[in-house]
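> task: produce atomic coordinates for the following.
(one chain, ligands or ions: 1)
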Amino acid sequence: MTPDLPRHQGQRQQLVALLRSKGIDNERVLAAMARIPRHAFLESSFEEFAYQDVAFPIAAGQTISQPYTVAVQSSALGLPEGAKILEIGTGSGYQAAVLEELGYKVFTIERQKALFDFSKRLLSELGMRRITQKFGDGYKGLPAFAPFDGILITAAAPELPSELLEQLAPGGVLVVPVGDVESEQRMLRVRRGSDGTWDHEDLGSFRFVPMLKDVATAR
Ligand code: SAH
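Numbers count the residues shown, from 1 in each chain. Predicted coordinates for the structure are as follows:
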């Protein structure tokens, strides 16, 4: 693993300042992103660009989200430390690491074996012990560990995934980009009321790789 050097820490401070200038004001999220070494989650050829606010390709034709998007999704959860969170789409593992740094107990699912293996090794090397990783289809969630206080989907869903809504605790929050998976999606925050009501909020336009059914077949 590439060591975390003073140069990287300085670049992270600049990234945090940029995120602030783009409207991110959640101090807990900014502090967590100032600590997680994003360069460790990227292929070495991208290392020098790791703290720019851009998405990059990772294995299996997927992408690590733009830091701004990670900040928006993490802020949207807005849950207290110790909350139980399910992430769909582990990818590089970066978003899961930010969630752990926020003090959440994290469960995360990935359907691409190469990414599951990569992120499992990396998160364990980084000493992230409050993350439980599963290889499988995120559409099914993790009923054995439900209910969750928060569910964060980091892939584009064509519609709200009903099985995941059912795995939310009363008062729980689902953050998901929903819409045309080939172009743009709306970031929705759906809150399950303790009285059985549902509350929807639109947090803006984003672009994600599609959320696909079943595990990917090995190539
Ligand atoms: N959170 C990731 C972003 C990865 S991109 C990061 O921080 O790097 C989205 C990921 O969702 C991809 O790795 C893709 O394989 C995965 N994915 C898509 N559909 C899925 C599903 N049904 N279940 C689990 N993972 C899924």
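> how long is stretch 19-27 from one end to the other?
For stretch 19-27, the separation between the terminal residues is 11 Å (C-alpha to C-alpha, to the nearest Å).
> how about the longest strand along the chain: buried residues?
The single longest strand within the chain, with elements called by DSSP state E, is strand 168-179. If you call a residue buried by 16 or more other C-beta atoms under 10 Å, then strand 168-179 has these buried ones: Leu168, Ala169, Gly172, Val173, Leu174, Val175, Val176, Pro177, Val178, Gly179. For the C-beta atoms, the positions are set from N, CA and C on the backbone; glycine is no exception.
> how many other residues sit next to the closest residue to Tyr94 other than its chain neighbours?
Counting by C-beta to C-beta, 6 or more residues apart in numbering, Tyr94 lies nearest to Phe41, which is 4.4 Å off, once chain neighbours are set aside. For Phe41, the neighbour count with other C-beta atoms under 10 Å is 26.
> what's the answer for Leu30, then?
Using other C-beta under 10 Å: Leu30 sits among 18 other residues.
> check contacts around it.
Shown here is Leu30, whose contacts under the criterion C-beta atoms under 8 Å, 6 or more residues apart in numbering are Val16, Leu19, Arg20, Ile24, Ala71.
> and Asp202, what is it in contact with?
Listed by C-beta under 8 Å, 6+ apart, the contact set of Asp202 reads Arg186, Met187, Leu188.
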